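Undergrad: give me the fold of what follows.
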Amino acid sequence: MIRKSFYIGALALMAAALPGCNDSASDLLETKLYFEENVINVNAEEDTYVCDITSRISKPTNGTVKVNYAVGGQDLVDKYNAKYGVTAQLFPAENYAFLSNESVVKPGSVYSEACQLQLNNIMQGEDGVTYVLPLLISTNDVSTISSSSVAYVVIKKPIRIYKAMQFGTYWLDVRLPASFKSTTSVTYEALVYATRWKNLGTIMGNEGVLIMRTGDLNHPDNELQMAGNVQMQMPNCDAWATGKWYHVAFTYDAASGKAELYLNGESINSKNVGAVSFDLNNRFTVGYAYDYDSSRKWYGYMSEVRLWSVARTANQIKENMMYVNPDSEGLEGYWKLNGEDIEERDGVWYVLDQTSHHYDATSNRGRRGETGATQTFGNPTMADVDVRL
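TA: Below is the predicted model of the structure:
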């Protein structure tokens, strides 16, 4: 069992004192109760987790302030989802219990004494699902700051990936249908691990149209970049090294014309590129560019490769780096590369698309066949890994 202490809530003390148009001088001097932060992320690797819940008042008083804590319902989860653009679920009532939900702020202090909230069955949660437990504070002794009277405990079952595909010899060929000839909004995602850098090393995409890769002429070999109809690079190559797992993502939103590049869920570059479209119907590959330069591969490992027909939001990317629901809206192709999605049919090896579209990728060794070479297929190499971000 893990025990964790923290302060919950959203606004800082200074924010509590900012005057609104209807605030009087007496209102600003009044002692008020509030949560100090509004989102607390619980990253437990055990089934039980104990939280010490603490709130505070804006200034000390001469008397005792009694504080009560309660759990909110689905309406507050809906507000959380709307604010952060996610699809969190209410943490089941049978999986939590207050060990104490009443506390006090002693005279002369600003922080309440801790109450204990125990979370249970964390490891039994659904993979990739974010659970939220809204907490509310109340007191009869002072006023509360309404905008900071709710805090969200965010619980996710930790996801570990223990198998991933090794690239360098084998790579993946995805033959997308004609409906991808004029793709507008798009998202590329992958978990990647480089064992060595290759200038013009390919992660995924369609060469000359929209490709995610590393390096280029007069660019560092380890520079993450997009090329084709959108061109952009990571600004700091020091954040990108061999021997380590990273989540990489690119989004293009057709409505706004904005393109954005992400590393480990954080935006590292963005720009407005206007109205563009991408022909992904021909030559969409993972870990390989094209036959005219068959050395342009990825050397290392990959997992959780995804292609979307929507521009995922920053919060959606950050919340789902290790897993995503295969039925998610706009998810066109999803290749987990975990060793459980490999199938051999008539001498051809496939990595199965986890979506209902079934854009299964062939596992290729050698060239794609565009320059007259004969395609060679093989059982993709799976490696033992331990992916943690």
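
Undergrad: what ranges do the helices span in this structure?
TA: Remark: helices assigned in the chain by DSSP state H are 13-16, 25-29, 74-84, 314-319.

Undergrad: can you tell me how far V154 sits from L119?
TA: 11 Å (Cβ to Cβ, to the nearest Å). Bear in mind the C-beta positions are built from the backbone N, C-alpha and C, glycine included.

Undergrad: one more: D384?
TA: Look at D384 and L119: by Cβ to Cβ, they are 31 Å apart.

Undergrad: if you count surrounding residues, which of those two has more?
TA: Each of D384 and L119 has its neighbours counted (other Cβ atoms under 10 Å); L119 has more, 22 against 8.

Undergrad: just checking, the more buried one touches E94?
TA: No - with contact defined as Cβ atoms under 8 Å, L119 does not count as touching E94 (11.4 Å).

Undergrad: tell me which residues of stretch 98-109 come out buried.
TA: The neighbour-count check on stretch 98-109 (16 or more other Cβ atoms under 10 Å) flags 98, 101, 103, 105 as buried.

Undergrad: now do Y290, the pLDDT please.
TA: What the model reports for Y290 is a pLDDT of 88.

Undergrad: name all residues that make contact with the closest residue to it other than its chain neighbours.
TA: Leaving aside its sequence neighbours, Y290 sits nearest to E207 (Cβ to Cβ, 6 or more residues apart in numbering; 4.8 Å). E207 makes contact with 228, 283, 285, 289-290, 296 under the criterion Cβ atoms under 8 Å, 6 or more residues apart in numbering.

Undergrad: and of those residues, the nearest to D360?
TA: T285 (13.8 Å; Cβ to Cβ).

Undergrad: just to revisit the earlier point, need the residues touching each of V154 and L119.
TA: Listed as contacting both V154 and L119 by Cβ under 8 Å, 6+ apart are V42.

Undergrad: next, format the buried residues of stretch 98-109 as a markdown table and append distance to R175 and pLDDT.
TA: Output for the buried residues of stretch 98-109, formatted as a markdown table (distance: Cβ to Cβ, whole Å; pLDDT from 0 to 100):
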| residue | distance to R175 | pLDDT |
| --- | --- | --- |
| F98 | 55 | 95 |
| N101 | 58 | 95 |
| S103 | 62 | 96 |
| V105 | 65 | 97 |
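
Undergrad: of those, which belong to strands?
TA: Per DSSP state E, strands hold the following members of those: 98, 103, 105.

Undergrad: got the contact list for the second one?
TA: Put plainly, it is S103. Neighbouring residues of S103 by Cβ under 8 Å, 6+ apart: 53-54, 66-67, 69, 112-115.

Undergrad: can I get those residues in a markdown table including distance to T362, neighbour count and pLDDT?
TA: A markdown table is the format used below for the contacts of S103 (distance: Cβ to Cβ, whole Å; neighbours: other Cβ atoms under 10 Å; pLDDT from 0 to 100):
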| residue | distance to T362 | neighbour count | pLDDT |
| --- | --- | --- | --- |
| I53 | 53 | 25 | 93 |
| T54 | 56 | 21 | 94 |
| K66 | 67 | 15 | 97 |
| V67 | 61 | 26 | 97 |
| Y69 | 56 | 21 | 97 |
| S112 | 61 | 24 | 96 |
| E113 | 62 | 14 | 96 |
| A114 | 57 | 16 | 94 |
| C115 | 57 | 20 | 94 |
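
Undergrad: and those, which of them are in strands?
TA: Members of those lying in strands (criterion: DSSP E): 53, 66-67, 69, 115.

Undergrad: and the residues you listed, which is closest to G274?
TA: Among the ones in strands among the contacts of S103, I53 lies closest to G274 (Cβ to Cβ), at 48.9 Å.

Undergrad: neighbours around E344, how many?
TA: E344 has 12 neighbours, counted by other Cβ under 10 Å.

Undergrad: show me what contacts it?
TA: Contacts of E344 (Cβ under 8 Å, 6+ apart): 350, 379.

Undergrad: and it, how far from T362?
TA: Note on E344: its distance to T362, by Cβ to Cβ, is 11 Å.

Undergrad: any shared contact partners between the two?
TA: The contact sets of E344 and T362 overlap at Y350 (Cβ under 8 Å, 6+ apart).

Undergrad: per-residue pLDDT of Y7, please?
TA: Predicted confidence (pLDDT) for Y7: 50.

Undergrad: before we move on, the earlier item: closest one to N62 out of the buried residues of stretch 98-109, please.
TA: Using Cβ to Cβ, V105 comes nearest to N62 of the buried residues of stretch 98-109, at 11.6 Å.

Undergrad: quick check: bridge partners of the closest one?
TA: Note on V105: beta-bridge partners by DSSP bridges are V65.

Undergrad: correct me if wrong: it contacts K59.
TA: No - using Cβ under 8 Å as the test, V105 is too far from K59 to be in contact (10.7 Å).

Undergrad: between the ones in strands among the contacts of S103, which sits nearest N272?
TA: For these, the nearest to N272 is I53 (43.6 Å; Cβ to Cβ).
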